[in-house]
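1. model the structure of this input:
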Amino acid sequence: MKLALCTDVLANLPFTEMLDRVKGYGLSGVEMTAGGWASCPHVKTNELLESPEKRAAFRRELEKRDMEIAALNCSGNPLAPGELGKSHTASSYKTVELAGKLGVKKIVMMSGLPGGGPDDQIPNWITSTISWPDYMPGVIDYQWNKVAIPWWKQFVAHAKHHGVEKIALEEFPSQLVYNPSTLLRLRDAVDDMIGMNLDPSHLIAMGAEPIAAARKLAGVVFHVHGKDARIERGLADIDGLLEYQPVTESKNRTWNYVAVGCGKNLQWWKEFFSVLSMTGYNDWVSLEMEDLTMSVEAGIETSIQALLQTISR
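-> Numbers count the residues shown, from 1 in each chain. Below you'll find the model as predicted:
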C-alpha cells in the first residue's frame with residue numbers, strides 16, 4: 001500500500017506549492033477533487049478539458065516531482081432532485097472525461113441520494129425500518145429502481161467509454177450507499193467496476209466495525225481513506241450515534257472526525273491494514289484530515305506518523 005493525501009486540506013496553496021508540501025511530507029500520491037461539492041482548488045476541470053497544453057503542463061508538474069494521482073474525486077449527490085442533481089451529474093461526467101485524458105483509471109465518488117418520490121424537492125435518507133410507516137417500501141423502491149440503478153448504468157457506460165476502470169464509492173451517511181450491504185446491492189445491480197472507497201471513519205460513526213467490513217468486502221475495496229473517528233465518552237452513551245450538530249461543535253457532539261490514532265489506537269489500525277492486505281488490497285491509502293480539534297498541520301503530521309507505523313507495505 002502507498003500513502004497519498006486528499007489535497008483539499010491544503011486548499012489555501014496553489015497547485016505547485018501544494019505538490020511541494022505533499023512531497024515534503026514524504027508522500028508520492030495525491031487525491032484531488034475535480035467535481036461534486038468541492039471547490040476543486042487544484043484541478044480546474046473545465047480548463048484542463050479544453051486545453052491540451054494546460055493538461056500537459058499539469059502532468060509535467062506531477063512527473064518532475066515523481067508523484068501520481070491516486071484518484072480524482074467528484075463526491076457529491078448526482079441523484080438529488082432539481083438543480084443540485086443536475087449540477088453534480090454534469091461535474092461527475094466531466095470528471096470521468098478528464099480522468100480519461102489524464103490517464104487516471106480510478107475515480108472516487110458518493111452514490112448520491114434521491115428524494116423519496118418524483119415530487120420531492122430534497123433528498124430523503126431512510127434509516128428506519130420500512131415495516132412502518134407503510135409508505136417506506138415505496139420510497140425505497142423509487143430510490144433504487146427508478147432513480148439510482150438507471151443513473152448508474154448510464155454513468156458506468158460513460159466511464160468505460162473514457163477508459164476509467166474503477167469507481168470507488170465512499171460509504172457516507174445521507175447517501176444511498178452508506179455501508180457494505182448497500183454498496184454490494186448497487187454493484188450487483190449495475191456492474192463490477194463499482195467498488196468501495198472504504199472510509200473507516202463513517203462506519204465507526206455509525207457503530208459498525210471497519211475491520212469486519214474489510215473482510216466482507218474482500219476483492220471489492222477499490223480505494224481507502226485514512227481517516228479516523230472518535231465516539232465521545234459519556235455523550236454517546238446518553239444520546240447514541242445519530243448526530244446532527246455541526247462538526248464545528250466538537251465539544252458537544254457524540255462523535256467527531258479526528259486525526260488517525262486519536263480515535264482508534266495504533267494496534268487497531270495495524271489490524272485494519274493487515275486484514276485489508278490479507279483480503280487482497282494493495283493500492284492507495286489517502287489521508288483525509290478533518291480533525292477540528294487541532295491545527296491542520298498538526299492533524300496531517302499526527303495522521304502521517306500513525307499511518308506510516310501501521311500501513312501494510
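2. identify the residues contacting G82.
-> Q121 (C-beta atoms under 8 Å, 6 or more residues apart in numbering). All C-beta atoms are positioned from the backbone trio N, CA, C, and that covers glycine.
3. and it, how close does it get to W152?
-> With distances taken as C-beta to C-beta, to the nearest Å, G82 is found 19 Å from W152.
4. and for S250?
-> S250 is 35 Å from W152, by C-beta to C-beta.
5. do the same with Q305
-> Plainly put, Q305 is 38 Å away from W152 if you go by C-beta to C-beta.
6. and if you look at E249?
-> Taking C-beta to C-beta, one finds E249 at 35 Å from W152.
7. likewise for L19?
-> 33 Å.
8. can you tell me the centre-most residue of this structure?
-> E170 (3.9 Å; C-alpha atoms, centre = their mean).
9. which secondary structure state does F172 sit in?
-> For F172, the secondary structure call by DSSP: H, G, I helix; E, B strand; the rest coil comes out as coil.
10. and it, how close does it get to T182?
-> 11 Å.
11. what residues sit buried inside stretch 304-313?
-> Neighbour-count burial for stretch 304-313, counted by 16 or more other C-beta atoms under 10 Å, picks out I304, A306, L307, T310, I311.
12. would you mind giving the residues you listed as TSV with secondary structure and distance to A56 added?
-> As requested, the buried residues of stretch 304-313 are exported to TSV (DSSP: H, G, I helix; E, B strand; the rest coil; distance: C-beta to C-beta, whole Å):
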residue	secondary structure	distance to A56
I304	helix	31
A306	helix	37
L307	helix	32
T310	helix	38
I311	coil	33
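13. state the pair within those that is farthest apart.
-> Spatial extent of the buried residues of stretch 304-313 (C-beta to C-beta) is set by the pair I304 and T310 at 11.1 Å.
14. what about the strands in the stretch 151-300 of the chain?
-> Taking DSSP state E, counting those that start in this stretch, the strands of the stretch 151-300 of the chain run over residues 166-170, 194-198, 221-226, 228-231, 255-258, 284-287.
15. can I get these in a markdown table including distance to L27 and mean pLDDT?
-> What follows is the strands of the stretch 151-300 of the chain, written out as a markdown table (distance: least, C-beta to C-beta, whole Å; pLDDT from 0 to 100):
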| stretch | distance to L27 | mean pLDDT |
| --- | --- | --- |
| strand 166-170 | 19 | 98 |
| strand 194-198 | 18 | 98 |
| strand 221-226 | 11 | 98 |
| strand 228-231 | 18 | 98 |
| strand 255-258 | 20 | 98 |
| strand 284-287 | 8 | 98 |
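16. looking at those, which is nearest to K94?
-> Per C-beta to C-beta, nearest to K94 of the strands of the stretch 151-300 of the chain: strand 166-170, 14.8 Å.
17. so which bits of the helix or strand bottoming out on mean pLDDT in the chain are buried?
-> Every helix and strand of the chain was ranked by mean pLDDT, DSSP states H and E. The lowest is helix 136-141, at a mean of 89. Residues of helix 136-141 classed as buried by neighbour count (16+ other C-beta under 10 Å): V139.
18. same deal with stretch 199-208?
-> By neighbour count with 16+ other C-beta under 10 Å, stretch 199-208 contains the buried residues D199, P200, S201, H202, L203, I204, A205, M206, A208.
19. any idea which residue of this structure is furthest from its center?
-> D134 (32.9 Å).
20. helix/strand/coil for it?
-> Under three-state DSSP, D134 comes out as coil.
21. any idea how far A205 is from I69?
-> In terms of C-beta to C-beta, I69 sits 28 Å off from A205.
22. can you check S91 too?
-> Distance from S91 to A205, by C-beta to C-beta: 26 Å.
23. same deal with E271?
-> 19 Å.
24. same question, G299
-> Distance, G299 to A205, by C-beta to C-beta: 17 Å.
25. what about stretch 61-73, how long is it end to end?
-> 19 Å (C-alpha to C-alpha, to the nearest Å).
26. neighbouring contacts of that stretch?
-> Applying C-beta under 8 Å, 6+ apart, the contact partners of stretch 61-73 are 2, 4, 6, 15-16, 19-20, 22-23, 28-34, 36, 38, 43, 95, 98-99, 102, 104, 106-109, 168, 223, 284, 286.
27. that older thread, from the buried residues of stretch 304-313, which is closest to G76?
-> Using C-beta to C-beta, the shortest approach to G76 within these belongs to L307, at 26.4 Å.
28. report the contact partners of the closest residue to that closest one other than its chain neighbours.
-> Residue nearest to L307 in three dimensions, not counting chain neighbours: G226, with 5.1 Å by C-beta to C-beta, 6 or more residues apart in numbering. Residues in contact with G226 (C-beta under 8 Å, 6+ apart) are L3, V260, V285, S286, L287, E288, S303, L307, I311.
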